[in-house]
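**Q** kindly generate the corresponding structure for this input.
(chains A and B)
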Amino acid sequence: MSAELFSLFYQFADVFAFLILSAAGLAIVFGMMGVINMAHGEFIMCGAYVTVGLVNLGVPLPIAQILAAVTAGLIGVVVEFLIVRRFYKRPLDSLLATWGLSLIVTQSMLLIVGSAVRGIGTPEGSFAIGEYTFSTYRLVLFGCAVAVLIGLYIIFMKTRFGVIARATMQNAAMAKALGARTGRIYVVSFGIGTGLAGLCGALYAPTMTLIPTMGATFVVESFVTVVIGGANVLLGTAPAAVFLAMIRMTLNASYGQIIGQIGMLFAVILVIRVLPEGLSSVLVRRGR
Amino acid sequence: MILGRRCGTALLGAIVAVAALSVAHAAEPPLKVGLLEDVSGDLAFMGMPKLHGSQLAVEEINKSGGILGRRIELIHLDPQGDNARYQEFGRRLLNRDKVDVLIGGITSASREALRPIVDRTTTPYFYTNQYEGGVCDANMISMGAVPEQQFSTLIPWMVEKFGKKVYVIAADYNFGQISAEWNRKIMKDLGGEVVGEEFIPLGVSQFAQTIQNIQKAKPDWLLTINVGAAQDSFFEQAAAANLNLPMGSSIKIMLGFEHKRFKPPALNNMHATANWFEEIDTPEANDFKKRWHAKFPDELYINDMGYNAYNALYMYKALVEKAKSTKLEDLRKVIATGAACIDAPEGKVCIDPKSQHTSHRMRLISVGLKHEVTVEKDYGTIQPYWLGEIGCDLTKKNDKDQYTPSHLPSKS
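**A** Residues are numbered from 1 along each chain as shown, chains lettered A, B, ... in the order given. So this is what the prediction gives:
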């Protein structure tokens, strides 16, 4: 019985971690900043490739993962400077621009690195409870997802940067009038967002096949989580991930992966129909 | 000095000869071969060797004088794994470029997307992949292995070696569904039991739940017919969770070279049957591998589809030369005589007149802890007999259907 219960928790943790890690970066870039970043998956892919490349050069995995996240963040800063900053007032155009970027990046990776890269293997080994065996690394992913949420909470709620960032997102003109350097806030926020995307790729790299289009497997889940989460990253993304993970885990376990996927998208349609502003709108109202 | 002059004369002679040859070729219009292979998108790592195999064959055939003295012109388009683009590009090659033959397609979904378009023309179409079998189509010539060559060898071997309970993970489209049906039929004949079947949408990359379901069902072995890079993540995740079950497959190793892409021991205890693995060690196979790697030194693995794609052009050459024509009906007359054979690197292969599928020399291989590959069994040449037995006879009737064990031709 305890094995069954743990198995349920493990499934939940697995889906939750996947949703949080793939959505965290997008929650800042799309949820807060309003940039529809279609290249989100490519930043994830970038994190994965940098990780594998560094590990193959002999860098220990955790350090490679951190460096990969930093690399994705820095590339994000460059992309913000060259492309994204022109589109803050034109969200639909940001969609086109970043989509184009994503196509270019995917094809360039295919040309430069080739169609398949040798994997690096999952670390940490496995453990057994009852008749089941589990991969320890999956629990590490869950821990990382929780750590990312706590980290975001601290950055955006407890620091001076966080206060100014939130003010900038709410009313850029007013924040600027009060002396905030909004341009810099945008750059840093975008960098944090893409860095988190890179972290997601870095963390999942050891468990997946690396191909240039791998980002696509994360993109639907991340957009879905952010959209039903709503504008507030902290009060939206985490509850959205819990909600979706519960639905997906239950349906996966009883009816298989296809129904799990369909059910999750169906739940999203329902939530958006009832709460057009996402889950966070309710939670924020309750809080007041 | 004299030597130098002689060399110069020889060189001049060679130039003149080449020029004369190309003039002769220019007089005869080239044979247009339309090629549809994915070299970008989700299946690019499998499609790239297919393009390379075709390019190698075209280069060799052109060097040795072409087909009936005509050069081959290869027109390759990349449908990027998109079935709508397969149809669009298929139409373009057939209607606008007026190719003499169409080759390609990777998934069974892409083949089924192409078939209705090819069937409206009188152009022959070569499908170069192993697949779930059953297509009885007068326009199509299948170069890959089919269930009576792959599953009828693999599944009895797995049952004998590991036990009667199997769990199936399959991609959720026609290939996975029909292959699972074949497995059910063969397992039933063997008195085995299918303890679980899971169909997974393409693009799914997370398998914690599947791994748990498998452990709950307690199978003796797994049949893995999951498709594409995302679904291949299963192997890494199963290894990390220490699932440790024997696996059998009709598509792993020889198509996606998972044993080269994943870090050992993710593919340990995988068994597969096919007509070609790069590890096959015969003089003919080694000679073929040498030529391939000389042209494409970066190739990670010469996969079965790439190998079949190479053979397809030689088979087409043999058909055209025997028929002295490029017309489909003339080619089919050659096939009907049973004389459509080539000496492939695996040995002699022939097209079966009734189904237009190819006979193959089948081997079973196993992957070890360090991903070393051993050939366990050589089944010799196996004919693609199933379609003929159930009543598909393209020498008598122009069929266009795909049959499965549960969908047989009506007796009339």
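
**Q** please list all residues in contact with whichever residue of the stretch 301-412 of chain B sits closest to chain A.
**A** Distances between the stretch 301-412 of chain B and chain A by CB to the nearest CB are smallest at residue B:301, namely 9.5 Å. (Each C-beta comes from the backbone N, C-alpha and C, glycine too.) Listed by CB atoms under 8 Å, 6 or more residues apart in numbering or on different chains, the contact partners of residue B:301 are B:49, B:257, B:260, B:278.

**Q** also residue B:295?
**A** Residue B:295 sits in contact with B:52, B:55-56, B:59, where contact means CB under 8 Å, 6+ apart.

**Q** and the residues you listed as JSON lines, adding distance to residue B:357, neighbour count and secondary structure?
**A** Converted to JSON lines, the contacts of residue B:295 look like this (distance: CB to CB, whole Å; neighbours: other CB atoms under 10 Å in any protein chain shown; DSSP: H, G, I helix; E, B strand; the rest coil):
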{"residue": "B:52", "distance to residue B:357": "24", "neighbour count": "22", "secondary structure": "helix"}
{"residue": "B:55", "distance to residue B:357": "25", "neighbour count": "18", "secondary structure": "helix"}
{"residue": "B:56", "distance to residue B:357": "23", "neighbour count": "21", "secondary structure": "helix"}
{"residue": "B:59", "distance to residue B:357": "27", "neighbour count": "14", "secondary structure": "helix"}
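
**Q** give me phi/psi at residue B:345?
**A** Backbone torsions of residue B:345, given as degrees, to the nearest 10, read phi -60, psi -20.

**Q** burial check on residue B:298, number of neighbours?
**A** Residues lying near residue B:298 (other CB atoms under 10 Å in any protein chain shown) number 8.

**Q** roughly how far apart are the residue nearest to it when sequence neighbours are not counted and residue A:211?
**A** Spatial nearest neighbour of residue B:298, excluding adjacent residues (CB to CB, 6 or more residues apart in numbering or on different chains): residue A:114 at 7.4 Å. Distance, residue A:114 to residue A:211, using CB to CB, to the nearest Å: 10 Å.

**Q** now swap in residue B:334 and tell me
**A** Counting by CB to CB - residue B:334 and residue A:211 are separated by 41 Å.

**Q** rewinding a little: pLDDT score for the residue nearest to residue B:298?
**A** Residue A:114 carries a pLDDT value of 81.

**Q** distance-wise, check it relative to residue B:68.
**A** Taken as CB to CB, the span from residue A:114 to residue B:68 is 37 Å.

**Q** can you check residue B:245 too?
**A** Per CB to CB, residue B:245 is found 53 Å from residue B:68.

**Q** among the contacts of residue B:295, which one lies nearest to chain A?
**A** Once CB to the nearest CB is applied, the member of the contacts of residue B:295 that ends up nearest chain A is residue B:52, at 11.5 Å.

**Q** could you pull up the residues touching that closest one?
**A** B:292, B:295-296, B:299, B:306.

**Q** from those, which shows the smallest pLDDT?
**A** Among those, residue B:299 has the lowest pLDDT, at 91.

**Q** residues from the stretch 1-150 of chain B in reach of chain A?
**A** B:39-42, B:44-45, B:47-48 (CB under 8 Å from any CB of the partner chain).

**Q** low-confidence ranges, the chain, go.
**A** Reading this off chain A. A:1, A:286-288 (pLDDT under 70).

**Q** sorry, should have said chain B
**A** B:1-27, B:412.

**Q** centroid residue for it?
**A** Nearest to the geometric centre of chain B sits residue B:129, at 2.2 Å (CA atoms, centre = their mean).

**Q** which element, helix or strand, includes that residue?
**A** Residue B:129 is part of no helix or strand when elements are defined by DSSP states H and E.

**Q** likewise for residue B:362?
**A** strand B:360-367.

**Q** do residue B:272 as well
**A** strand B:270-274.

**Q** can you name the next helix or strand after that strand?
**A** helix B:283-295.

**Q** report the buried residues of that next one.
**A** By 16 or more other CB atoms under 10 Å in any protein chain shown, the buried positions in helix B:283-295 come out as B:285, B:288-289, B:292.

**Q** let me have the residues you listed in TSV, extended by distance to chain A.
**A** Shown next, in TSV, are the buried residues of helix B:283-295 (distance: CB to the nearest CB, whole Å):
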residue	distance to chain A
B:285	23
B:288	22
B:289	19
B:292	17
